[in-house]
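Chemist: With the input below, show me the fold.
(2 chains)
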Amino acid sequence: MSVFETLRSAFRGITANKLRSALTLLGVMIGVGAVILLLAVGNGSSQRISGLITELGTNTITVRAGSGFGFGGGGGGGGAATTASSSSPKLTLDVANEVAKAGLGHIDAVVPEVQTSLTVANGATSQTSVSVIGTTPNYFTVTTAKVGAGSGFTAADVTSAAKVAVIGSTIANTLFPTGTPVGQTIDVGGNTFTIVGVLATQASVGVNDPNAVVVAPISRVQRSFTGFGAISSMVVEAIDSNSVTAAQGEVSVELNQLLKYNPASLTATAPYTVTNQATLLQTAAQSAQSFTVLLGAVAAISLLVGGIGVTNVMLVTVTERTREIGIRKALGATRSAILGQFLVEAASLTLLGGVLGVVAALFGAQFPINGTQPVVLGYSVPLALGVSVAIGVFFGVYPAARAAAMRPIQALRSI
Amino acid sequence: MTPAAASIDDFAAAPTTSSTPVLELRDIRQVYGEGEAAVHAIRGIDLEVTGGDYVAIMGPSGSGKSTLMNLLGCLDIASSGQYLLGGVDVSSLDDRALAKVRNEQIGFVFQSFNLIPRMTALSNVELPLIYGGVKRAERRQLAREALELVGLADRVNHLPQALSGGQQQRVAIARALVTSPTIVLADEPTGNLDSESTDDVLGILDSLSRAGRTIVVITHENNVGDHAARVLSIRDGLLVADRRNRPLPTVEVAA
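Modeler: Just a heads-up that it's a prediction; the model follows:
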């Protein structure tokens, strides 16, 4: 029997029972589509997380006072948190300036920060627990906080401890619902500050709103609120994203020297903690990876269930058609002719269903699902297609092979 | 009804010397099961059928006649003994060679028609030619001619379920004929038919016999046996009688 004839008889077999063929098709389609789409959603969300973290800046290192663990955007810790004993040197503005002046090869800028939490008000409108950050003008160039309207404060403002502030967009919207806040005054913890600028809105990654901040000269915040003790943190900018690790090493060595801290000592507590965005990126990528694996597992289950459905249909089909196989053998069909027919039948049915599933998944991946734009993983398409076709073909052909191996009279009698 | 006699020569048997046996059984036995439960369906049958003969094998149910038919049609393999079809010992053939024998040498007509549902009459008749590797155009032509021969020229595109029992059996006969086989085997061909359809089917078998076909028919009905030239009786797996009604049919040459 020629290839063409095999194809024709397979096509006849498929069209002979349209409902059954349609159900098989649907089973494969759903299985394949689910695998591709779910993996695409997992992949899409992991790419989204990476994107957000890259936005935070990948060439900065954050040095926090104290030996606390944990990292996350926009720390809300009030005051100068230090866990080191009072006798040992602390991370102060002087120390930050020393690091900046040490001439370290991989460092571009050092931005000291003091942070506290205060109530800010415009007349009767007020907002409590606003993060008030005291820093230097390069804060607006090094970190992701950029001035959107007006301007930042100047080095002169820091020297003179001027009562000027740059406010985040949330504060601007809450306290100045109408009109521009630039040039107006606000009350910060009982002191009146003149607003010189408004920050551009930033994407939120943590639980804290990065836009609910007031940024003022570090000298002013220290004088009015936090005192001249330890600072909360300092952001160190490496010369480029490849120098982050080198810069981290340089900063650590310099700080150990300045703070008289010996990392080899078992009794000493580290007076600072260094984190960089690369570490953050890695952790986030790992969690996104496990999310994808989880979704992949769900998808694999749906493929399995779809496969069982296909298997069921195929088994029923062949049992029903054992008599037909008997007739065909009585008319002179060879085993290979019968196998060829069932193979082509099963393969084309599952392949068609699989291709429809791929098309449906690719179409579905065009639309964001729960805020995440799915990104189709290249390997998921041949994988899902291959598995479903393999299942369909095996369970379509194996029982047919058994029936075809019978003597014609056995196959004819079975009903 | 009378089949279209004009085209019957198209399906005339290949010329055979009338004395040559086309079919020869030597001590054929068939046993099902083992030990105590063994059923001896055929207990040693010797038989020769001459080319162009019209043979009826008769016997009550359980006599082993269906088992014999399945062996003759190569649908089953005998436990022991020799079966020569056209001089070839088919008891020693492998699966592929047996498929070829079934395709080329045997035309089978079943009691229950055994047409493939959801395939038109024409497609059903074409089926053995597909397995025989006949080209599509030629196949179509032969299948149409065979259906015309059994008087179903106007039913070629009907599905089996749209045909009466008699018509279905005539499609099955067309299917058995279309490859011009060495022998036509019919297993209770009229068992499921009313008397009118029975007459149709027997009429077709008679005209095939006149055209020189070798026909072996299995039946328990005497009126079917009366159409045959030679009647064999089988009982409990043994041949008990061999009677000739008429001399070996002679081939009618169309004018």
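
Chemist: Verify the contact between residue A:43 and residue A:373 for me.
Modeler: No: contact criterion C-beta atoms under 8 Å: residue A:43 and residue A:373 do not qualify, at 10.1 Å. Bear in mind the C-beta positions are built from the backbone N, C-alpha and C, glycine included.

Chemist: And these two? Which one has more around it.
Modeler: residue A:43 (24 against 15; other C-beta atoms under 10 Å in any protein chain shown).

Chemist: helices and strands around the helix or strand that one falls within, which ones?
Modeler: For residue A:43, the host element (DSSP states H and E) is helix A:18-56. Other helices and strands packing on helix A:18-56, by 3 or more C-beta pairs under 8 Å, 6 or more residues apart in numbering or on different chains; DSSP states H and E, are helix A:277-320, helix A:335-364, helix A:380-405.

Chemist: and the residue in chain B that chain A sits nearest to, helix, strand or coil?
Modeler: Relative to chain A, the nearest point of chain B is residue B:103 (2.3 Å; C-beta to the nearest C-beta). At residue B:103 the chain is in helix, as set by DSSP: H, G, I helix; E, B strand; the rest coil.

Chemist: for the helices and strands packed on helix A:18-56, which one sits closest to residue A:21?
Modeler: helix A:335-364 (6.1 Å; C-beta to C-beta).

Chemist: Show me what the mean pLDDT comes to for the helix holding residue A:43.
Modeler: Across helix A:18-56, pLDDT averages out at 82.

Chemist: re the thing from before, quick one: closest of the helices and strands packed on helix A:18-56 to chain B.
Modeler: Nearest to chain B, of those and by C-beta to the nearest C-beta, is helix A:335-364 at 5.9 Å.

Chemist: tell me which strands and helices the closest one is in contact with?
Modeler: helix A:3-16, helix A:18-56, helix A:277-320, helix A:322-330, helix A:380-405, helix B:95-104.

Chemist: still on that earlier bit, just the angle between the helix holding residue A:43 and helix A:277-320, please?
Modeler: 180 degrees (axes from the mean of the first three to the mean of the last three C-alpha atoms, to 10 degrees).

Chemist: Mind listing what's buried along helix A:18-56?
Modeler: Of all the residues in helix A:18-56, those buried under the rule 16 or more other C-beta atoms under 10 Å in any protein chain shown are A:20-21, A:23-49, A:53, A:56.

Chemist: Was I right to think the residue of chain B closest to chain A contacts residue B:178?
Modeler: No: using C-beta under 8 Å, residue B:103 is not in contact with residue B:178; the gap is 10.9 Å.

Chemist: any shared contact partners between those two?
Modeler: With contacts taken as C-beta atoms under 8 Å, 6 or more residues apart in numbering or on different chains, residue B:103 and residue B:178 have residue B:128 as neighbours in common.

Chemist: More neighbours: which of the two?
Modeler: residue B:178 (27 against 23).

Chemist: Is there a neighbour count for the nearest residue to the more buried one once chain neighbours are set aside? I'd like the number.
Modeler: Of all residues not flanking residue B:178 in the chain, residue B:146 sits nearest, at 4.3 Å (C-beta to C-beta, 6 or more residues apart in numbering or on different chains). By other C-beta under 10 Å, 27 other residues sit near residue B:146.

Chemist: Distance check, residue B:146 against residue B:85.
Modeler: 22 Å (C-beta to C-beta, to the nearest Å).

Chemist: what residues does the stretch 101-250 of chain B put near chain A?
Modeler: Applying C-beta under 8 Å from any C-beta of the partner chain, we find that the stretch 101-250 of chain B lies next to chain A at B:101-104, B:108, B:110, B:114-119, B:123, B:127-128, B:130-133, B:175, B:179.
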